[in-house]
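Colleague: How does the following fold in three dimensions:
(2 chains)
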Number of protein chains: 2
Amino acid sequence: MISQKWSKLIRSLHQKKYRKAEQLFFVEGEKAVLELLASGWQVEAVFATEAFLQRYPKQVSAAALVQQCSADELVKVGTFASNDAALAVVKMPAQTDFVPHSHGFVLVLDQINDPGNLGTIIRIADWYGIKHIVCSPDTADCYNPKVIAAAKGSFLRVQLHYQPLQPLLAQSRVPVYGAYLGGEPVHSLKLSEQGGFIVLGNEANGISAELEQVISRKITIPAFGEAESLNVGIAAAVICDNLLRLSQ
Amino acid sequence: MISQKWSKLIRSLHQKKYRKAEQLFFVEGEKAVLELLASGWQVEAVFATEAFLQRYPKQVSAAALVQQCSADELVKVGTFASNDAALAVVKMPAQTDFVPHSHGFVLVLDQINDPGNLGTIIRIADWYGIKHIVCSPDTADCYNPKVIAAAKGSFLRVQLHYQPLQPLLAQSRVPVYGAYLGGEPVHSLKLSEQGGFIVLGNEANGISAELEQVISRKITIPAFGEAESLNVGIAAAVICDNLLRLSQ
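Modeller: Now for the predicted structure:
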């Protein structure tokens, strides 16, 4: 059973202000909880069905508290429409600013509002071996349950930083690529070096005017048809794919 | 005002069985409705706010019936959380099987369940100039409001066909590419000709075993990091981007 105290806490963690106050968030579903338990992150509690606990007795021992409950209870406190496995309450790692160093590619998100898009971009970063994502302070919260769900286990491997973007990019010594309509086609870019910042703009408005001045190379995904634009997650994937291909 | 009769009809069109029975579906939001009205598709009715009607008097004249209503009414009958523009009820175009011909690339979807993924893939096809998508009969319905919303206006330009995939692909004279883990890397494919079928599999299970035999080339998106997989919409975009790049 999930006690009243824990139920109330988990439900409060649907909202950013309580996540921030408690410095906690939650992770749902079999695969994500298993990856979490193997990660070394500080897991405060795991609530899981009998079947899950019987199957993974060793793995759950990584959590400070383990409690058996029903699938119904998991659905009631969480966000999934069905969850017959587990839900874990996790301590947020300390947030740090991104410190420029000799790095590969770093994604920069300028006010990405949709949690699903942010989660998708975290998963894409992980696929392409990108370790850091720098977000404008008004980008969606990376501990939103929808972000965690869309990121699959990738939130464990990609570090997110929330900080003002302009000062970071203005002093950059590496290229700052920005996704625009009408820039250099990404299929045939000549890269001056491996790595750099890749800036993606807001879903409706693109990259903000303030940041435009610090973009050193405007790049574009070549269109062959008539769609006006691509979703920002899709654009992130295609740009990363081309830049990583050209860096090899 | 939206009459009781129309309200009831539009609400019924949230469900596939009524869409099929009536051969109608609906389109929501300013941009999509405007694209629709300019497309030549048979629009049975447009329900729109005063502001929309004042702004686009000429465009709405393409609809058989035009009715003014409130934003609240639009939200009540539709699926959007907010809609202060318009909703259109549209006649479905006749469904036809895909007839192989001298074509460029054609997307083939093997049991894509998620309407959001299907809509995203339609938009991607449109970006890459792909005119046809062939879907297994159990793929999500392309007139689902979530598909229409995610496709933006691209559903007007990309033709979808629902039919058994195996017979079509078994007799193909053009390459049948299939997205797998562990196939030829898409970055460095040597294409024998321009065009072919691009098969994408189910979100959880990939391409079905039955279809595997008719795949002539297994292809893979190179990974540089640790994510286990990519979302099917993301995979579709990266594969299309590479195949179109290599076909130029």
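Colleague: what domains does the record give for chain A?
Modeller: Taking automatic domain parsing as the reference, chain A has its domains at A:4-91, A:105-247.
Colleague: From one end of the first one to the other, what's the distance?
Modeller: Separation of the first and last residues of domain A:4-91 by Cα to Cα, to the nearest Å is 20 Å.
Colleague: returning to what we had before: with respect to chain B, which of the domains of chain A lies nearest?
Modeller: Smallest distance to chain B across those (Cβ to the nearest Cβ): 3.5 Å, for domain A:105-247. Placement of C-beta: from N, CA and C, glycine included.
Colleague: hang on, the earlier thing: identify, out of the domains of chain A, the most deeply packed stretch.
Modeller: Ranked by mean neighbour count under mean count of other Cβ atoms under 10 Å in any protein chain shown, these are led by domain A:105-247, which reaches a mean of 20.
Colleague: Quote the end-to-end distance of that domain.
Modeller: With Cα to Cα as the measure, domain A:105-247 spans 10 Å from end to end.
Colleague: pLDDT on it, on average?
Modeller: Confidence over domain A:105-247 (mean pLDDT, whole number) is 95.
Colleague: Pull the distance from that domain to the chain's centre.
Modeller: In terms of Cα atoms, centre = their mean, to the nearest Å, the gap separating the centre of domain A:105-247 from the centre of its chain is 12 Å.
Colleague: My understanding was that A:Ile207 contacts A:Tyr180; is that so?
Modeller: Yes. Judged on Cβ atoms under 8 Å, A:Ile207 makes contact with A:Tyr180 at a distance of 7.1 Å.
Colleague: Mutual contacts of the two, please.
Modeller: Taking Cβ atoms under 8 Å, 6 or more residues apart in numbering or on different chains as the criterion, A:Ile207 and A:Tyr180 both touch A:Ile215.
Colleague: ok, back up a step: make TSV from the domains of chain A and add distance to B:Glu44 to it.
Modeller: Output for those, formatted as TSV (distance: least, Cβ to Cβ, whole Å):
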stretch	distance to B:Glu44
domain A:4-91	33
domain A:105-247	25
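Colleague: Columns distance to chain B on top of those domains, output as a markdown table?
Modeller: Compiled in a markdown table, the domains of chain A are given as follows (distance: least, Cβ to the nearest Cβ, whole Å):
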| stretch | distance to chain B |
| --- | --- |
| domain A:4-91 | 9 |
| domain A:105-247 | 4 |
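Colleague: Looking at those, spot the one closest to A:Asp97.
Modeller: Checking those against A:Asp97 by Cβ to Cβ gives domain A:105-247 as the closest, at 4.9 Å.
Colleague: Quick one: the helices in chain A, in order.
Modeller: A:4-12, A:16-22, A:30-37, A:50-55, A:57-60, A:71-77, A:115-127, A:145-150, A:165-170, A:209-212, A:232-247 (DSSP state H).
Colleague: Same list (those helices) but as CSV, adding distance to B:Ser39.
Modeller: Shown next, in CSV, are these (distance: least, Cβ to Cβ, whole Å):
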stretch, distance to B:Ser39
helix A:4-12, 45
helix A:16-22, 41
helix A:30-37, 42
helix A:50-55, 50
helix A:57-60, 54
helix A:71-77, 42
helix A:115-127, 28
helix A:145-150, 32
helix A:165-170, 39
helix A:209-212, 33
helix A:232-247, 23
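Colleague: partner strands of the lengthiest strand in chain A, parallel or antiparallel?
Modeller: Scanning chain A for the longest strand, with DSSP state E as the assignment, gives strand A:176-185. On the basis of DSSP bridges, the sheet neighbours of strand A:176-185 come out as strand A:196-200 (parallel), strand A:217-220 (parallel).
Colleague: got the angle for the first one vs helix A:232-247?
Modeller: Direction vectors for strand A:196-200 and helix A:232-247, defined by axes from the mean of the first three to the mean of the last three Cα atoms, to 10 degrees, enclose an angle of 160 degrees.
Colleague: Check what contacts strand A:196-200 and list those residues.
Modeller: A:105-110, A:112, A:121, A:134, A:165, A:169, A:172, A:174-179, A:207, A:211, A:215, A:232, A:235-236, A:239-240, A:243.
Colleague: again with stretch A:202-213
Modeller: Stretch A:202-213 is contacted by residues A:110-114, A:117, A:165-166, A:169, A:178-180, A:199-201, A:215, A:231-232 when judged by Cβ under 8 Å, 6+ apart.
Colleague: Check stretch A:133-143 too.
Modeller: Outside stretch A:133-143, the residues within contact range by Cβ under 8 Å, 6+ apart are A:16, A:19, A:25, A:92, A:98, A:106-115, A:117-118, A:121-122, A:125, A:147, A:155, A:158-165, A:168, A:197.
Colleague: Leaving out the residues flanking it, which one is nearest to A:Gln171?
Modeller: A:Pro100 (7.6 Å; Cβ to Cβ, 6 or more residues apart in numbering or on different chains).
Colleague: Who's the closest spatial neighbour of A:Thr79, skipping the chain neighbours?
Modeller: Closest residue to A:Thr79 apart from its sequence neighbours, by Cβ to Cβ, 6+ apart: A:Pro145 at 4.5 Å.
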